[in-house]
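J.: Next comes the sequence, and after it the predicted model I'd like to discuss.
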Amino acid sequence: MSTLGTRLGRLLALLALSLLALQLYFLLRIALMLVVAPESTTFQRSEAWRLLSEQHQIDWAQDWVDDARISPALKRAVIASEDAGFTEHSGIEWDAIENAWQKNQRAEARAERQNDRLAQRKPAKAGAAVPAKPVVAKVVGGSTISQQLAKNLFLSGERHVLRKAQEAAITYMLEFVLGKKRILEIYLNSVEWGEGVFGAQAAARHYFHVDAARLSPAAAARLAVMLPAPKRFEKNPGSAYISGRSAIILARMGAVDLP
């Protein structure tokens, strides 16, 4: 028993050291970002591999621009759209996460009831099976800009407790080491704005044929609205939804404080 206990203790100590080493690795990588822009993120590399696998080529647009070369209107629009409390919170808004969880629970319950009703429907003709497309609950997120950057930089898109715990740890590291201004600068230079379109400069040129520094408030609001689902919205960037939502973001931008 003593030998088993010793081995178990050594195993736990090894796991603890491995976990500590992993956190130190993330911390050093983040500290380096104070002076060196990240060349790519985990999400970008996974997207590049997907494009190569599916299309056998990589159509890619990304061009890093410093904070001073990004329109203040875009910064305000993204904060207003994605994270209104960005300059005030410490990286995570627990109330927003709780609200998102409650909305997702209600959405999943509705989807389950609708799927039960679909399963109970009788076929239109005797003996003819009528397959019904299952209803999928629309999941909403409560992640801050800092959390989104933490996930994109280092983590996968999987949703489980360990991954979310690591995301929280990295988020606090980003806030402590980099600060709000640098976080926003890296986020705007690395976030996806369409199929193979990453960063504010590439997005500004792709959709409006101008540099990121010259984006108008209206154009900035449209780009901000696209962020939750850029691949879907890029198919119809002039849709009624984007126009309506952009008007709301445009009205909120004046109240946004920049870091």
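T.: Ah, there it is.
J.: separation between Gln55 and Trp49?
T.: The spacing between Gln55 and Trp49, counted by CB to CB, to the nearest Å, is 11 Å. Every residue, glycine included, has its C-beta placed from N, CA and C.
J.: just Asp63 next, same as before
T.: Asp63 sits 21 Å away from Trp49, going by CB to CB.
J.: of these two, who's got more company?
T.: Set Asp63 next to Trp49 and count neighbours by other CB atoms under 10 Å: Asp63 wins out with 14 against 11.
J.: which SS state does the more buried one fall under?
T.: Here Asp63 is recorded as coil under DSSP: H, G, I helix; E, B strand; the rest coil.
J.: how about the nearest residue to it, chain neighbours excluded?
T.: Among residues not flanking Asp63 along the chain, Gln201 sits closest, at 4.3 Å (CB to CB, 6 or more residues apart in numbering).
J.: so which strand or helix has that neighbour?
T.: Counting by DSSP states H and E, the element that carries Gln201 is helix 200-208.
J.: average pLDDT for stretch 180-196?
T.: Stretch 180-196 carries an average pLDDT of 96.
J.: Can you give me the buried ones in that stretch?
T.: For stretch 180-196, burial by neighbour count (16 or more other CB atoms under 10 Å) applies to 180, 182-196.
J.: what's the farthest-apart pair in these?
T.: With distances taken as CB to CB, the most widely separated pair in those is Lys180 and Glu195, at 29.5 Å.
J.: And Gly142, how close does it get to Leu14?
T.: Gly142 is 35 Å from Leu14, by CB to CB.
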